[in-house]
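Engineer: My questions concern the predicted model and sequence given below.
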Amino acid sequence: MTLQPENVTLDAVPAGPNYRFDHVDGHTVVPFELSRNGLFYQVRIGESKPIWFTLDSGSGATYLDRDVAKRFGLHPYGTKTVRGAGEGTVEVEVIKDVGFELPGLSTWSHEIHTVSFEGWEEQWGRRLDGFFGYDFLERFVVIIDYKAKQLTIVDPAHFHYEGPGTAVDLEFQRRLPFVRGTIVVAGQSEDSLFLVDSGSQDAVDHPLIAKSWDARSTVAGVGLGRETSGTFGRADRFKLGPFEMEGLFGVAGKGLGSHLIGGQVLSRFKVILDYQRSKMILEPQQWSVRMVKIETATNSARLS
C-alpha cells in the first residue's frame, strides 16, 4: 500500500478541530472494494464492529441504516424531511455527535441521518450499512483511485497538488457539488450543470436522453424517495472540461438526480475532491484512454 499519494505533497500537521490522523503528515489511505462503480470500505462507530460504508458526493449528509443505529444504541434527537433521488420527500431521523473510526483517521462531531436501507443490498449487489456525504467531504481532500482501489483522505490545509490532472470548478447548491458539462444526444447539444454523484451507478443522466434514437422506458429515482418512470438511452457525446466521452448510457428522469454524472464516468479517472477550494481534479486512468479524449496539451493543475 502506497502511503504517499502520487503528485501530492503533505506537510506534518496537528490534529484538526474535529478529526485526528494517526500519520504525522495528515493523511491516510483506505483500501476499498469496487461493486457496480461504488466504493465499499469498512468503518467503525466508536468501538463497534466494522460496518460497510460507501462515499456519496451526491448526498448532502451522512447516512446510517436505521437498524444499525438502533443496534449501536444511537438515539435520534428529532426528524427532518429531505429530498432524495426519487420523487417526493422522505422523513429521516437525526443523530448528533457521532464519531467514526477509519484506518488511520478518527473523525467526530458528525450529525447524521438514519433511514431504512431495505432493498439497497439488492441494488448494490452487496451489504451497505451507511455512506459519507457532504459533512465528511467538506472536512478533507478526498482522492478516489478506482484503478488502485484506494481512498486517500488528506488534511486540506496541507494539501498541495502539482500533477497532470485537470482541475474543474465545483459549484455548490444546497451542499451538493455540480460541474458544468455539455451533452449531445441525437444531434442536439445542451450545456448544463451536472451533479457529481459518486453514489450513483449511472454514467450521465439528463432530460435530453429522452430524445435518444434507442430510448426505452425504465425506472428512475432509485434511492431515497419513490421510484418514478424514466427513459433510458444513449448520449452521443459528453464533454467535461477538456475530456470528451462517447456512447455513454443514462436516464432521463425527474427530481434531484435528473442532471448528474455517476460512477460510470467518475471511474474512468482518478478523482480528487477538494470541497474547500471548490475544485475537482481529474486524472484519466490508463485503462480508459481509449474512452477519453484530451483536447488540450497544457491542462495540468497546480493547487496549494
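Structural biologist: That came through, no problem.
Engineer: The stretch 201-304 of the chain: helices as residue ranges?
Structural biologist: Listed in chain order, the helices of the stretch 201-304 of the chain (DSSP state H, counting those that start in this stretch) span 263-266.
Engineer: Any stretches of it with poor pLDDT?
Structural biologist: Within the stretch 201-304 of the chain, the segments meeting pLDDT under 70 span 218-228, 255-257, 286-304.
Engineer: 50 instead?
Structural biologist: Counting by pLDDT under 50, the low-confidence segments of the stretch 201-304 of the chain come to 287-300.
Engineer: Please report the distance of residue 19 from residue 100.
Structural biologist: 9 Å (Cβ to Cβ, to the nearest Å). (Each C-beta comes from the backbone N, C-alpha and C, glycine too.)
Engineer: okay, and the common contacts of the two?
Structural biologist: 106-108 (Cβ atoms under 8 Å, 6 or more residues apart in numbering).
Engineer: Among those residues, which one lies nearest to residue 122?
Structural biologist: Taking Cβ to Cβ as the measure, residue 122 sits nearest to residue 107 out of these, at 29.7 Å.
Engineer: Surely the closest one forms part of a strand?
Structural biologist: Yes. Residue assignment for residue 107, taken from DSSP: H, G, I helix; E, B strand; the rest coil, places it within a strand.
Engineer: Any figure for the gap between the closest residue to it other than its chain neighbours and residue 102?
Structural biologist: Once flanking residues are discounted, residue 107 sits nearest to residue 19: 4.1 Å by Cβ to Cβ, 6 or more residues apart in numbering. Between residue 19 and residue 102 the computed distance is 10 Å (Cβ to Cβ).
Engineer: Ok, residue 20 next?
Structural biologist: Taking Cβ to Cβ as the measure, residue 20 falls 11 Å from residue 102.
Engineer: which of these two has more neighbours?
Structural biologist: residue 102 (21 against 14; other Cβ atoms under 10 Å).
Engineer: Tell me who's in contact with that one.
Structural biologist: If you count contacts by Cβ under 8 Å, 6+ apart, residue 102 has them with 28, 30, 41, 43-44, 153.
Engineer: which residues does it bridge with?
Structural biologist: Each beta-bridge partner of residue 102 is listed here: residue 105, as defined by DSSP bridges.
Engineer: ok, back up a step: which one of the shared contacts of residue 19 and residue 100 sits in the busiest neighbourhood?
Structural biologist: Neighbour counts for the shared contacts of residue 19 and residue 100 peak at residue 107, which has 22 neighbours (criterion: other Cβ under 10 Å).
Engineer: wait, that one sits on residue 21?
Structural biologist: No. At 9.5 Å, residue 107 and residue 21 do not qualify as touching, with contact defined as Cβ atoms under 8 Å.
Engineer: Report the contact partners of the residue nearest to residue 107.
Structural biologist: 105-108, 139-140.
Engineer: can you give me the end-to-end distance of stretch 113-131?
Structural biologist: According to Cα to Cα, to the nearest Å, stretch 113-131 extends 10 Å from its N-terminal end residue to its C-terminal end residue.
Engineer: For that stretch, buried residues please.
Structural biologist: When neighbours are counted by 16 or more other Cβ atoms under 10 Å, the buried residues of stretch 113-131 are found to be 113-115, 117, 120, 124, 128-131.
Engineer: which residues touch that stretch?
Structural biologist: Contacts of stretch 113-131 with the rest of the structure, by Cβ under 8 Å, 6+ apart, involve 33, 35-36, 38, 40, 43, 51-56, 59, 61-69, 74, 76, 80, 82, 90, 92-95, 112, 199, 222, 224.
Engineer: Using ChimeraX, make a named selection holding only the buried ones among the residues you listed.
Structural biologist: To isolate the buried members of the contacts of stretch 113-131 in ChimeraX, using 16+ other Cβ under 10 Å:
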select :35,38,40,43,51,52,53,54,55,56,59,61,62,63,64,65,66,68,69,74,76,82,90,92,93,95,112,199,222,224
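Engineer: Show me where the stretch 1-150 of the chain dips below the pLDDT cut-off.
Structural biologist: Within the stretch 1-150 of the chain, the segments meeting pLDDT under 50 span 1-6, 8-15.
Engineer: All the helices of it, residue numbers only.
Structural biologist: Chain-ordered helices for the stretch 1-150 of the chain, with DSSP H, counting those that start in this stretch as the definition, fall at 66-71, 120-124, 134-137.
Engineer: Would you reformat the ones you listed as JSON lines and include distance to residue 191?
Structural biologist: As requested, the helices of the stretch 1-150 of the chain are arranged in JSON lines below (distance: least, Cβ to Cβ, whole Å):
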{"stretch": "helix 66-71", "distance to residue 191": "40"}
{"stretch": "helix 120-124", "distance to residue 191": "31"}
{"stretch": "helix 134-137", "distance to residue 191": "25"}
